[in-house]
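# The amino acid sequence is not available; the structure is as follows:
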């Protein structure tokens, strides 16, 4: 419990100067940040007529970039869900309370930290890292070369770059959701004869569904906006590796309106996603 | 005669467990203060944690035996478990909760059998409800139905009445005691309530610091309480 305020403190709180200055300061500082965020969005949306924007969408860059973006982010999301769900499950199980003290649990915690590292990694660093792993002179380069596979600057490289930067968001959500599951509920399912796969598919995933969906949406949003790592690892070739963010960058050099139209397209998609995440989280 | 025979030695956290008992038709009641190792003992019987030494034998079949290197996983032991908070599956309706552990040829058959078990527990009217819509007493009944529907060969109940309102505890206690007698499965009930022990009318095992400090009928415990905890327990409110 906090001590009762002294008489001097009480006087200070009641001073008329503070009564004006405090709301003023709050309003000023909040307003500044709001303006900083809202103004660019307003500029994006309102600085051109609808006709100009539609004309911008007619640029030959647009359709291939949109198609590639939808294709690669979908594949990325599928890869993340298919591999991230079992990984999240095993991490949560191996580090759960009760058995979370042994050396195996510590190893899984280290693995968890490693796969979640890309969240804080700058995209440029991610690009260099991917080249050093899968590039011609990278760790796996000779092996891939011998097998006749050249990963960098292909459509597959786009997916790899997106997966690298986006997977941690889903993984974090999945591990947290699986850790929150009631251990008694898991145990009861097992006493009722549930095999490990049945436990995962009929109890763990359905109960964690809202959190998993939220994590998947975050991952997809991150993949959608992926720019730096893709540029460095997959390049910027229209129709092959040029996703919407890269197309915006390219368009900016010649035609600001096209860049603006593409940007609005991305904003609309991202906004729809945000609304969906909010709705999903509320349920 | 079906029976559950337990001899367990091992560690659970900082506590070392050393427990032996045999549960047959009449429920075996485990009592003891917090931290006595009651729940940990249940975990070892279920197979959720591994004892260092000993055995768990159900109807003559060993489920765990360190000398033979035998340790069946939880899902193969066929021991029904009622946790303290019941832990119904929140995403399934009552009927599917009860049907979860039923081995049946089809989904329809499974749900039909589940409905039968619910009817047997006077809870058929709850079939279409979600766990979030149930009262404490209804939740307990459904959890019991779920455990029973999988045709377990033994039952473990962890504080089955502790989560209920005092107002309905008495009725549920009578209900539980009657049903357990009717099923006559080897049953272990953890409780800290004298009235539970009295209603269940079985042998009582008193745990303290992971070890058995006294065992016998409640009346025998009352006559010669071995610890302060037992003295307090037997002087508590009865039925």
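Yes, it's here. Keep in mind it's a predicted model, so treat the numbers as computed, not measured.
# Show me which residues of chain B sit near chain A.
Listed as neighbours of chain A in chain B under the rule Cβ under 8 Å from any Cβ of the partner chain: B:46, B:48-49, B:73-81, B:83-85, B:87-91, B:100-101, B:103, B:146-147, B:150, B:152. C-beta here means a position set from N, CA and C on the backbone, and glycine is covered the same way.
# Now restrict these to buried residues only.
Neighbour-count burial (16 or more other Cβ atoms under 10 Å in any protein chain shown) is assigned, among the residues of chain B next to chain A, to B:46, B:48-49, B:74-75, B:77-81, B:83, B:85, B:87-89, B:91, B:100-101, B:146-147, B:150, B:152.
# Identify those among these that sit within helices.
Within these, residues falling in helices by DSSP state H are B:46, B:146-147.
# Identify each buried residue in stretch B:156-167, please.
Residues of stretch B:156-167 classed as buried by neighbour count (16+ other Cβ under 10 Å): B:156-161, B:164.
# What is the burial count for the nearest residue to residue A:257 once chain neighbours are set aside?
Counting by Cβ to Cβ, 6 or more residues apart in numbering or on different chains, residue A:56 is the residue found nearest to residue A:257 once chain neighbours are left out, at 4.2 Å. Other residues within reach of residue A:56, judged by other Cβ atoms under 10 Å in any protein chain shown, total 23.
# Remind me which helix or strand residue A:56 belongs to.
helix A:50-57 (DSSP states H and E).
# tilt between the helix or strand just after that helix and helix A:50-57?
Downstream of helix A:50-57, the first helix or strand assigned by DSSP H and E is helix A:62-94. With axes from the mean of the first three to the mean of the last three Cα atoms, to 10 degrees applied, the angle from helix A:62-94 to helix A:50-57 works out at 80 degrees.
# how about low-confidence regions in the chain?
I went with chain A, as the question did not name one. Counting by pLDDT under 70, chain A contains low-confidence ranges at A:1-5, A:7-14, A:98-101, A:280-283.
# I was thinking of chain B, sorry if that wasn't clear
Applying pLDDT under 70 to chain B flags the ranges B:1, B:238-239.
# where along it do the strands fall?
Counting by DSSP state E, one finds strands in chain B at the ranges B:4-12, B:15-23, B:28-31, B:53-58, B:61-65, B:70-71, B:79-82, B:154-158, B:187-190, B:204-208, B:211-216.
# picking up where we left off before, just curious, which of the ones in helices among the buried ones among the residues of chain B next to chain A is nearest to residue A:78?
Of all those, residue B:146 has the smallest distance to residue A:78: 34.8 Å, by Cβ to Cβ.
# Residues of the stretch 151-283 of chain A that sit close to chain B?
Proximity of the stretch 151-283 of chain A to chain B is confined to A:182, A:184-185, A:187-195, A:202-203, A:206-207, A:209 under the rule Cβ under 8 Å from any Cβ.
# Not counting sequence-adjacent ones, nearest residue to residue A:276?
residue A:217 (6.2 Å).
# from chain B, which residue is nearest to chain A?
Going by Cβ to the nearest Cβ, chain A is nearest to residue B:101 of chain B, at 3.0 Å.
# Now do the same contact list for that residue.
Counting by Cβ atoms under 8 Å, 6 or more residues apart in numbering or on different chains, residue B:101 makes contact with A:191-194, B:146-147, B:149-150.
# Compute the distance between it and residue B:140, please.
According to Cβ to Cβ, to the nearest Å, residue B:101 and residue B:140 sit 17 Å apart.
# ok, and the closest non-adjacent residue to the residue in chain A that chain B sits nearest to?
Residue nearest to chain B within chain A: residue A:192 (3.0 Å; Cβ to the nearest Cβ). If the residues on either side of it in the chain are set aside, residue A:192 comes closest to residue B:101, at 3.0 Å by Cβ to Cβ, 6+ apart.
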